[in-house]
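Enquirer: Structure for this input, please:
(one chain, ligands or ions: 2)
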Amino acid sequence: VAQLQLGDTVMVRPGDRMPVDGTVEKGRSSVDQSPITGESAPVFKEPGDEVFAGTINQESSLEVKVERLAADSTLSRVVQMVSEAQEQKSPTQDFTQRFTSKFVPAVLVCTLLLIVVPPVLELMPLRESFYRAMLLLVASSPCALALGTPATVLAGIGQAARNGVLIKGGLHLENLGSLQVIAFDKTGTLTEGRFSVTDLILEHAESEEELLRICGVVEQQSNHPIAQAIVETAQERNIDFPQVEALENLPGKGVKSSYQEELVWIGSRRLFEEPGAPKLSKEFETRVKALEETGKSVVITAWGERVLGVVGLADTPRESTRETLAALSQLGMKHLVMLTGDNARAAQLVAEQVGVSDVRADLLPEDKWKATAELRKEFGPLAMVGDGVNDAPALAAADVGIAMGGAGTAVALETADVALMADDLSRLPFAVGLSRKSRTIIRQNLALSMGIILMLIATSVTGIGELSWTVAFHEGSTLLVVGNALRLLRYQGPA
Ligand code: ADP
Ligand code: MG
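Expert: Ligands and ions are numbered 1, 2, ... in the order given. So this is what the prediction gives:
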């Protein structure tokens, strides 16, 4: 972005963030402007329309002419997310705030009554009742109560950030600890998302070069891991890319574009069930299924009515995935499940390697979303972990949405409540553990501050209290809850 000049043209892929302010030159797509305008409905953009830096392109690629150079750096985004995090209060914080807003006026009224009523009833001299009332005022000012929770939340969010986990608010910090089920996307989440092309099967293509040329040039406009692998393979073979139209993204299925007045379709078998898509012959489908049986992700390419062929790709699980999932089960997760748009065999193969027993394959984005609702009903609070445009609905619906912060798309990052900044799944058990520890400390702080307030109220009203130690207890409890909260800064993960 730093090298862009006014008047340059940038290609913004579906799911990506606009790097600059500009006008659309080519392509049609809806754009989520909520990060800038707060307006929740996406806005449709076509050539001539203005787009803003920081907004998110949704389903099709756009070519945008640079009109203003923006400084939408990652740093400024993180700063913004952190300030949002502070606005999002945790439930306990919310509770204590509501409580203190009633409690404080009540204390003031009681103090007044305590000064006036006993002398009027001739129970004690004014001098004595005034002293007790002042003790009550000191004893019951809820400093520790008000500080205990926010101090813990800030320490928790801070310690998480130091360990590469960005938590966007106290609410999510508390929720992480109560999770019962975690759903994972496959590609890019459980796996590296770095595919390699393993098979090229020709149907009506003249040569492997033709297949890779048409496929590569369209996929150049996509940010899907599969697309990147295909483009790299085509480039390695020094294939020239022709000019094609902007691409349309059909999340969970594939992509569509056109070249020389004819539509190009690239994607899974489901894409070819779309209206208007060319029909696959029985014999060809059998060959595709055979390739799927070997656990490959498959991408079928068609140009006009002509089915060119299939690209088979393989991906490897992240090194730490298996251990991480085992650690999560140990922490008491009732259920771990994989939700993927890929074919059942490829999904099964990865599942066996990483140790997930519940696999749901061939899912469209809305199916992932439905699956999260079902799983929540069956098992309780649910987290979804994902990286893609196709995961966004599920991320939004989950109790806690967790995005891969590095490799993930802007859409996923924006929708999620928690981001793993280094794409490191092994930070998950840490995050859950940290959350549980935060909840414990919050509860300890509540008990401690309430206990001391109640005790001091009793001693001051009954006249046992003395100003010196009442003040000492009161200030002491404030220091104690803050000290207790700061313990989180030393948290290193579940033992
Ligand atoms: P996952 O849920 O595992 O992240 P996706 O939903 O992103 O998987 O993709 C599911 C399937 O859709 C892929 O296996 C592929 O066949 C097809 N697909 C999705 N995007 C593309 C693309 N850009 N190019 C080709 N095929 C795609
Ligand atoms: Mg994915």
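Enquirer: C-alpha only now, for contacts and for neighbours.
Expert: Noted.
Enquirer: ok, how many other residues are close to residue 377?
Expert: 11 (other C-alpha atoms under 10 Å).
Enquirer: Following the one helix or strand it maps to in sequence, what is the next regular element?
Expert: Taking DSSP states H and E as the definition, one finds residue 377 inside helix 365-379. Later in the chain than helix 365-379, the nearest helix or strand by DSSP H and E is strand 382-386.
Enquirer: Mind listing residues that contact the next helix or strand after that following strand?
Expert: Remark: after strand 382-386, the chain's next helix or strand is helix 392-397, criterion DSSP H and E. Helix 392-397 has contacts (C-alpha atoms under 8 Å, 6 or more residues apart in numbering) with 365-366, 368-370, 372-373, 383-386, 401-403, 411-412, 415-416.
Enquirer: Show me what the one helix or strand residue 289 maps to is packed against.
Expert: With secondary structure defined by DSSP H and E, residue 289 is part of helix 282-293. Here helix 282-293 touches strand 297-303, helix 344-354, going by 3 or more C-alpha pairs under 8 Å, 6 or more residues apart in numbering; DSSP states H and E.
Enquirer: Just the mean pLDDT for that helix, thanks.
Expert: Averaged over helix 282-293, pLDDT sits at 92.
Enquirer: Please apply the same query to stretch 445-463.
Expert: Stretch 445-463 comes out with an average pLDDT of 92.
Enquirer: Now do it: distance to the chain's middle.
Expert: 41 Å (C-alpha atoms, centre = their mean, to the nearest Å).
Enquirer: helix/strand/coil for residue 408?
Expert: Three-state assignment for residue 408 (DSSP: H, G, I helix; E, B strand; the rest coil): coil.
Enquirer: Not counting sequence-adjacent ones, nearest residue to it?
Expert: residue 387 (4.2 Å; C-alpha to C-alpha, 6 or more residues apart in numbering).
Enquirer: residue contacts, residue 23?
Expert: Residues in contact with residue 23 (C-alpha under 8 Å, 6+ apart) are 47-51, 64-67.
Enquirer: out of the residues you listed, which are inside strands?
Expert: In strands, judged by DSSP state E, the following of the contacts of residue 23 are found: 50-51, 64-67.
Enquirer: returning to that earlier point: for the helix holding residue 289, buried residues please.
Expert: 284, 288-289, 291-292 (16 or more other C-alpha atoms under 10 Å).
Enquirer: For residue 359, which non-adjacent residue is spatially closest?
Expert: Sequence neighbours aside, residue 338 is the residue nearest to residue 359 in space, at 4.9 Å (criterion: C-alpha to C-alpha, 6+ apart).
Enquirer: I'd say the one you found and residue 181 touch.
Expert: No - when contacts are counted by C-alpha atoms under 8 Å, residue 338 is not listed as touching residue 181 (11.0 Å).
Enquirer: ok, the residue nearest to residue 346 when sequence neighbours are not counted - how many residues close by?
Expert: Spatial nearest neighbour of residue 346, excluding adjacent residues (C-alpha to C-alpha, 6+ apart): residue 295 at 3.9 Å. Residue 295: 21 surrounding residues under other C-alpha under 10 Å.
Enquirer: now swap in residue 251 and tell me
Expert: 22.
Enquirer: Then residue 436?
Expert: 19.
Enquirer: what helix or strand is it on?
Expert: If you go by DSSP H and E, residue 436 is part of helix 427-462.
Enquirer: about what we covered before: which among the contacts of residue 23 end up buried?
Expert: For the contacts of residue 23, a burial check counting by 16+ other C-alpha under 10 Å picks out 51, 64-67.
Enquirer: which among these gets closest to ligand 1?
Expert: When these are compared for distance to ligand 1 (C-alpha to the nearest ligand atom), residue 64 wins out at 20.4 Å.
Enquirer: What lies in contact with the top strand by length along the chain?
Expert: When the chain is parsed with DSSP E, its longest strand is strand 306-314. Under the criterion C-alpha under 8 Å, 6+ apart, residues 195-205, 211, 226, 278, 280, 288, 291, 295-302 lie in contact with strand 306-314.
Enquirer: Just the buried ones from these?
Expert: The buried subset of the contacts of strand 306-314 - by 16+ other C-alpha under 10 Å - is 195-197, 200-203, 205, 211, 226, 278, 280, 288, 291, 295-302.
Enquirer: Quick check: which of these are also close to ligand 1?
Expert: Restricting the buried ones among the contacts of strand 306-314 to those within reach of ligand 1 (C-alpha under 6 Å from any ligand atom) leaves 226, 297-299.
Enquirer: With distance to residue 487 as added columns, please give the residues you listed in JSON lines.
Expert: Formatted as JSON lines, those follow (distance: C-alpha to C-alpha, whole Å):
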{"residue": "226", "distance to residue 487": "44"}
{"residue": "297", "distance to residue 487": "47"}
{"residue": "298", "distance to residue 487": "50"}
{"residue": "299", "distance to residue 487": "51"}
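Enquirer: Smallest gap between this structure and ligand 2, at which residue?
Expert: Closest approach between the chain and ligand 2, counting by C-alpha to the ion: residue 187, at 4.2 Å.
Enquirer: Can you pull the phi and psi angles for that residue?
Expert: Here is the backbone geometry of residue 187 (degrees, to the nearest 10): phi -70, psi 120.
Enquirer: What is the burial count for it?
Expert: With other C-alpha under 10 Å as criterion, residue 187 counts 27.
Enquirer: Same question for residue 124.
Expert: The number of residues packed near residue 124 is 12, by other C-alpha under 10 Å.
Enquirer: Residue 245 touches residue 260, doesn't it?
Expert: No - proximity of residue 245 to residue 260 does not meet the contact threshold set by C-alpha under 8 Å, at 9.0 Å.
Enquirer: higher neighbour count, those two?
Expert: The neighbour count for residue 245 versus residue 260, taken as other C-alpha under 10 Å, is higher for residue 245 (19 against 12).
Enquirer: thinking again about what came up before, pretty sure the residue nearest to residue 346 is in a strand, no?
Expert: No - counting by three-state DSSP, residue 295 falls outside a strand, being coil.
Enquirer: I'd say it and residue 349 touch.
Expert: Yes - using C-alpha under 8 Å, residue 295 is in contact with residue 349, at 6.0 Å.
Enquirer: wait, isn't residue 185 in contact with residue 340?
Expert: Yes - with contacts counted by C-alpha under 8 Å, residue 185 reaches residue 340, the gap being 5.5 Å.
Enquirer: Tell me which of these two has more neighbours.
Expert: Neighbour count, other C-alpha under 10 Å: between residue 185 and residue 340, residue 340 has more, with 27 against 24.
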